[in-house]
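In: sequence and predicted model, in that order:
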Amino acid sequence: QVQLVESGGGSVQAGGSLRLSCAASIYGGRYNMAWFRQAPEKEREGVAAINVYARTTYTDSVKGRFTISKDNAMNTLYLQMNSLKPEDTAMYYCAAAGVELAARTYPYWGQGTQVTVSS
């Protein structure tokens, strides 16, 4: 059974930084992985993805501020978030084995970690 466990969320002021981690029970080098987020009363949104060749994809609103990376040896996915804005407030989810930022293609999901950015 595939397990994904996120950590690193919290509350931060605008302009601050957070680093999210996702510990996976699968070898990350074999799967595309991604971060998604969902704010209250909004649809789930793809934030960043990294494929098996380490090619990355970002949604426009986070380009230049967020960086996705993974440590295949540690089976861990990361999301470094800098220059955070109040509109980044959401529950952040790690997902595996899908295609870029298409949420419906991902069969494996973590439980999420909350990120709250105050102005």
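Out: Sure thing, it's come through.
In: tell me which element the residue nearest the centre of the chain is part of?
Out: Geometric centre of the chain, nearest residue: Trp35, 2.4 Å, by Cα atoms, centre = their mean. Taking DSSP states H and E as the criterion, Trp35 maps to strand 33-38.
In: so for that strand, mean pLDDT?
Out: Mean pLDDT, strand 33-38: 98.
In: and if you look at stretch 4-16?
Out: 98.
In: what's across from the residue nearest to the centre of the chain in the sheet?
Out: Ala48, Cys94 (DSSP bridges).
In: separation between it and Val52?
Out: 16 Å (Cβ to Cβ, to the nearest Å). From N, CA and C alone the C-beta is placed, and that goes for glycine too.
In: again with Ser119
Out: 38 Å.
In: comparing the two, which residue is more hemmed in?
Out: Val52 (13 against 8; other Cβ atoms under 10 Å).
In: where does the more buried one sit: helix, strand or coil?
Out: Secondary structure assignment for Val52 (DSSP: H, G, I helix; E, B strand; the rest coil): coil.
In: this protein: strands as residue ranges?
Out: 4-7, 10-13, 18-24, 33-38, 45-50, 56-58, 66-71, 76-81, 90-96, 108-109, 113-118 (DSSP state E).
In: which elements pack onto the third one?
Out: Contact here means 3 or more Cβ pairs under 8 Å, 6 or more residues apart in numbering; DSSP states H and E; on that basis strand 18-24 packs against strand 4-7, strand 33-38, strand 76-81, strand 90-96, strand 113-118.
In: in CSV: the ones you listed, plus distance to Ala48.
Out: Formatted as CSV, the helices and strands packed on strand 18-24 follow (distance: least, Cβ to Cβ, whole Å):
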stretch, distance to Ala48
strand 4-7, 14
strand 33-38, 5
strand 76-81, 6
strand 90-96, 10
strand 113-118, 13
